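Asker: just a sequence and a predicted model for now, questions to come.
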Amino acid sequence: MPICVISGYNFPAMSKTIFQKIIDREIPATIEHEDDQCIVIRDIHPQAPVHLLIIPKRVVARAAEATAADEPMLGHLFTVAALLAKKLNLGAGFRLVVNSGPNAGETVPHLHVHLLAGRRLHEPLG
Ligand code: AMP
């Protein structure tokens, strides 16, 4: 499989990520929210009672690739997290996680924010 080298990491080169296919409605997902900048789906392997993925439509491979031009989009992802927390009554708390690179466990090279909630989440992080 072809490899692309980004920021010193080797990742399989993929023309379209699974998240892009969901955005393009080529594969199904349970969609919790969508607007002009992002889509929010339920994670297929939930790690908590609530496990959502907030996925920008503007593709950035991972947090390590973000630039100043991405700041409005990145801020929007947090605003949408707050919106969903209100909608889903997550007043007891929630956690936002972004995995960037292999040591963090990134598996899909399309930046996304995990929103985890619905139980007491484990400490310490990592
Ligand atoms: P990460 O490991 O941070 O890159 O997160 C990728 C996440 O995408 C994992 O939690 C997977 O369970 C989730 N995932 C992979 N494929 C799908 C899918 N088709 N629908 C929903 N979530 C998915």
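Answerer: Ah, there it is. Numbering: from 1, shown residues only.
Asker: would you check how far apart the residue sitting nearest the centre point of the chain and residue 89 are?
Answerer: Centre of the chain computed as the mean C-alpha position; nearest residue by Cα atoms, centre = their mean is residue 112, 1.8 Å away. Between residue 112 and residue 89 the distance is 23 Å, computed by Cβ to Cβ, to the nearest Å. C-betas here are computed from N, CA, C, even on glycine.
Asker: repeat for residue 34
Answerer: As it turns out, when the distance is counted by Cβ to Cβ, residue 34 lies 20 Å from residue 89.
Asker: looking at these two, which is more packed in?
Answerer: residue 34 (14 against 9; other Cβ atoms under 10 Å).
Asker: does stretch 24-36 reach the ligand?
Answerer: Yes - residues of stretch 24-36 are located near the ligand by Cβ under 6 Å from any ligand atom, namely residue 29.
Asker: now do stretch 108-115
Answerer: Yes - part of stretch 108-115 sits near the ligand under the criterion Cβ under 6 Å from any ligand atom, namely residue 108.
Asker: how many neighbours does residue 92 have?
Answerer: By other Cβ under 10 Å, 10 other residues sit near residue 92.
Asker: equivalent analysis for residue 21, please.
Answerer: Other residues within reach of residue 21, judged by other Cβ under 10 Å, total 13.
Asker: and the longest helix for the chain?
Answerer: Across the chain, the helix with the greatest residue count (assigned by DSSP state H) is helix 71-87.
Asker: got the buried residues for it?
Answerer: Across helix 71-87, burial judged by 16 or more other Cβ atoms under 10 Å covers 73, 74, 76, 77, 80, 81, 84, 85.
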